[in-house]
Structures are given as C-alpha cells and as structure tokens.
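[1] sequence plus the predicted model coming up.
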Amino acid sequence: MNKLNLKDVSQYVEQNIGIFHQKRIQSLDDLKLIKVLKRKNPYLYKAKYVLTADEIVRGIVDAQISSNEETVFGDWLEGLAIFINEKVYGGRKSGIAGIDLEFDNDGIRYIVTIKSGPNWANSRQLVEMKGSFITAQKTLRTSNSKLQVIAVNGCCYGRDNKPDKGTYYKYCGQKFWEFISGDSNLFTELIEPLGHQAKERNDDFLQSYSQMINKFTKEFTTDFCDANGAIEWEKLVKLNSAIKQ
C-alpha cells in the first residue's frame, strides 16, 4: 500500500475534468425535440396547466440533462476512483464483465462495481450485479482455488449504514473513498480539485443550453401551436401515443 499524494489527484482532475464538460455539451448537440417529446407524458403537462412552449421545452430539456449528467459524471468518477486505487493498491480496470475495479489488499482480492449514488438499482439490476459477482468469483478461483475474493458495490456519494449485504458489501460516500484509498478524509478533499475551471466550463455549457432552448421553442411553436400561439394538445398526444398507420 502506498500513501495517496493529493497532488496526483488534483493533476488527474485538471487533465481529465474537461471530458465531463465536453460530454455535457455533446449531450445537448445530440438532442432531438421530436424524439424527446415521444418519450414524455403529454397528459402530465396538461394536468399541470402548462401553457407555454418555453415551459414544456425547458421541462423536457432539463429532465434529459439531469438524467444524462448523472450517468456521465458517474462514469467520470469511476475513472477517478480507479486512478486513485491504482496509485495506492496497484488496482486496475477489471476485464471481467460487470466488474469495474480489481485490487489486492492483505491477501484478499476485491472486485468492485462503481456507481454514482446508493439508489441506483431496481430489483432486476441487483440480481444482475449479484450474478456478475458470482461469475467473477468463479473465474478468479479457476486459477487459484484458495483465493479469497470479496465483492463490493461502491457508491461515490451517500451512505449505507448496513454495508454487509450477505454476498457482497455496499460502501457509500466516505466509506467508499476510504476503502479504495486508505484515506478517511478523501471524500472531502476531492471537492476542491473537482471545481477546476468550473465557472469557465459552465459558461460554455450555458451558451449551448440557451441556444438549444431557443431552437426547440421555435420548433415546438411551429409544429404544436396554432396561429394564436396556443398549444395544440391533440397534435402532441397523437405524436406521443397514436397507433402508427
């Protein structure tokens, strides 16, 4: 085990945080109004007494952005976690399906799936994760039947006060970052470097966001509003739910 050098972490963040911001902007460029409208509930907007194209557009774009950002940043944090673990324990990105990180500590092989937060899974996803753990353990023991393999679901934020899940452990927030680094304070020490050039990057994002809102509002008004500017709800519902002819 090596002691973690926070300068290495800061340097990694500075060199790689731009990837997250680039993907945020790219997600806006890839959005198509019609495709998003087809996935949203038009009855909800009517029930909420939404009257303007801008309200609907902002609602669907903001929801899409929020969902996408959680996924993109979760993937980015996974890379950071693997980098940190490599520096301390010599860990590595796993080549086994469903496993993100492998490392050894005190004669134990740890296999880790890394998620953004603690509430990521439905019942089916939990079954899949447990299946991946079982498969990985069998694979690793093929070449060494005496190898002790412990499975961990690591979550970058949040908490779980009952980490022992029987067949695996669930470490969240402070416990997760300490588990992969040996540093109990890392979860707070990460905050400062993550803000590297955040304002400048966010200014670029807001410019793209504003352009997307204007573009979609114009498209929505043209396609789903009458000559007086009122929303034509029947058209919206048909786009979303009509049987294809």
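    That came through fine.

[2] give me the buried positions along stretch 145-161.
    Within stretch 145-161, the residues that count as buried by 16 or more other C-beta atoms under 10 Å are 149, 151-158, 160. The way it works is simple: take the backbone N, C-alpha and C, and place the C-beta from them, glycine included.

[3] and these, which two are the farthest apart?
    V149 and Y157 (26.1 Å; C-beta to C-beta).

[4] sec struct for F176, please.
    helix (DSSP: H, G, I helix; E, B strand; the rest coil).

[5] that one and D226, how far apart?
    53 Å (C-beta to C-beta, to the nearest Å).

[6] these two: which has the busier surroundings?
    F176 (28 against 10; other C-beta atoms under 10 Å).

[7] would you map the strands across the protein?
    Using DSSP state E, the strands of the chain run over residues 92-93, 101-105, 108-115, 148-155, 169-172.

[8] sheet partners, orientation included, of the shortest one?
    Going back to what we said before, that points to strand 92-93. strand 101-105 (antiparallel) (DSSP bridges).

[9] got the contact list for the most centrally placed residue in the chain?
    In the chain, the C-alpha nearest the mean C-alpha coordinate belongs to T71, at 2.1 Å (C-alpha atoms, centre = their mean). Applying C-beta atoms under 8 Å, 6 or more residues apart in numbering to T71 gives the contacts S116.

[10] same check, this time on S181
    Taking C-beta under 8 Å, 6+ apart as the test, what S181 contacts is 4, 84-85, 88.

[11] most neighbours of all those, which one?
    N85 (26 neighbours).

[12] contacting residues around that one?
    Contacts of N85 by C-beta under 8 Å, 6+ apart are 91, 101, 103, 180-181.

[13] quick one: it from R92, how far?
    8 Å.

[14] okay, and the common contacts of those two?
    Counting by C-beta under 8 Å, 6+ apart, the residues touching both N85 and R92 are 101, 103.
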